[in-house]
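> Build the 3D model from these lines:
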Amino acid sequence: MENRPCVFISRTIPAEALALIEAECEVVVWDHDTQPPREKVLAEVSQADGVLSMLTEKIDEEVIAAATKLRVISNFAVGYDNIDVDAATERGIPVGNTPGILTETTADHAFMLLAAAARRLPESMEYVKQGKWQTWNPTTLLGQDIHGATLGIIGLGRIGHAVAKRAQGFGMRILYHGGSNPQYADETGAQSVDLETLLRESDFVTLHVPLTDETRHLIGKDEFALMKDSAILINTARGGVVDTDALVDALKNGVIGGAALDVTDPEPISPNHPLLQLPNCIVAPHTASATQATRAKMADMAAKNLLAGLRGERLPHCVNPEVYEGRS
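The predicted structure follows:
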């Protein structure tokens, strides 16, 4: 019988997508809730023809160099800052991701975080649980209006555009910085401004940019100083886009009004991290795409990228298409 390709999957994925892979491959799955140790990743990928990775696994130059049989890397995420794409490209290894499929789900989550922070929902829930709700009071737990407020979107790409569409329903004024599709602005009435103007004028600032050398710590001490003292920062992009220490200081000292984060730096953060001690900060465990339907679609897309690479076919969603240049 013909040898089947060997695949390493760095976390348990939905059953239907796993079955697609198992029908064609010998599969090793890290079936623990925690991420695999570095040495496990190195050992498994070094023997694999293909890898289906999560954003928590660093598929860096060292891993790729050790993986002499590797033919494809399929990332279970839209972002791929966990992968050394240049090193993969140099080896002629295509890298796949899962774009588009989680756009609406992530936009739902971003707007949910915005609303929860604006109306101080976690604080209100604790207030009730602690028995502090004794009567109605006109000055208790006052939050901020969303309707009619100004929303600043940093990165008007697919997800930023979807957030802008939701903001339209609340009659928000929409500013944006970054993004190359003018149709997104036309559809939502979003106004292009420089970053300084966006930070100064926005009541809510939401981040939707990839993590790159240019965007790392894009929002730090100087940027917080520009924002309104009532402004709320929402981050469903990557934790490293924000300088965490500067964020803690800004929240503690009233430089901004609050933050709602689905991603952190480091990630995950420990239960005693200063961010978790602040009443004006909401932290979710990177669950922006965490619905049953969306994760199943992501898994299916990642599986099809993986199998295409193992068959020698072009990946349906490839982040380094230059690997195909010169191929017949």
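
> Could you use CA atoms for every contact and neighbour count after this?
Noted.

> give me phi/psi at residue 192?
phi -80, psi 130 (degrees, to the nearest 10).

> And for it, nearest residue in space, chain neighbours not counted?
residue 176 (5.1 Å; CA to CA, 6 or more residues apart in numbering).

> mind checking pLDDT for the one you found?
Looking at residue 176, its pLDDT stands at 98.

> Look up how far residue 145 lies from it.
Distance of residue 176 to residue 145, computed by CA to CA, to the nearest Å: 20 Å.

> Check whether residue 51 sits in a helix, strand or coil.
Three-state assignment for residue 51 (DSSP: H, G, I helix; E, B strand; the rest coil): strand.

> what about it, neighbour count?
The number of residues packed near residue 51 is 27, by other CA atoms under 10 Å.

> quick one: it from residue 67, how far?
Residue 51 is 10 Å from residue 67, by CA to CA.

> quick one: common contacting residues for those two?
Both residue 51 and residue 67 are contacted by residue 45, under the criterion CA atoms under 8 Å, 6 or more residues apart in numbering.

> Mind splitting this protein into its structural domains?
Using automatic domain parsing, the domain ranges for the chain come out as 6-100+292-324, 103-283.

> Just the endpoints, please. Distance across the last one?
The separation between the terminal residues of domain 103-283, taken as CA to CA, is 20 Å.

> which residues does the most centrally placed residue in the chain contact?
Geometric centre of the chain, nearest residue: residue 237, 4.0 Å, by CA atoms, centre = their mean. Residues near residue 237 by CA under 8 Å, 6+ apart: 207-211, 262-263.

> how near is it to residue 93?
For residue 237, the distance to residue 93 - CA to CA - is 26 Å.

> And for residue 163?
34 Å.

> more crowded one of the two?
Between residue 163 and residue 93, counted using other CA under 10 Å, the more crowded position is residue 163 (25 against 22).

> Now the closest residue in space to that one that isn't next to it in sequence, what are its backbone angles?
Closest residue in space to residue 163, ignoring its immediate chain neighbours: residue 107 at 5.0 Å, by CA to CA, 6+ apart. Main-chain dihedrals, residue 107, degrees, to the nearest 10: phi -60, psi -40.

> Residue 225 - how many residues pack around it?
14.

> host element of it?
Element membership for residue 225 (DSSP states H and E) is helix 221-226.

> For that helix, which helices and strands make contact with it?
helix 195-201, helix 244-252 (3 or more CA pairs under 8 Å, 6 or more residues apart in numbering; DSSP states H and E).

> Recalculate using a threshold of 7 Å.
Here helix 221-226 touches no other helix or strand, going by 3 or more CA pairs under 7 Å, 6 or more residues apart in numbering; DSSP states H and E.
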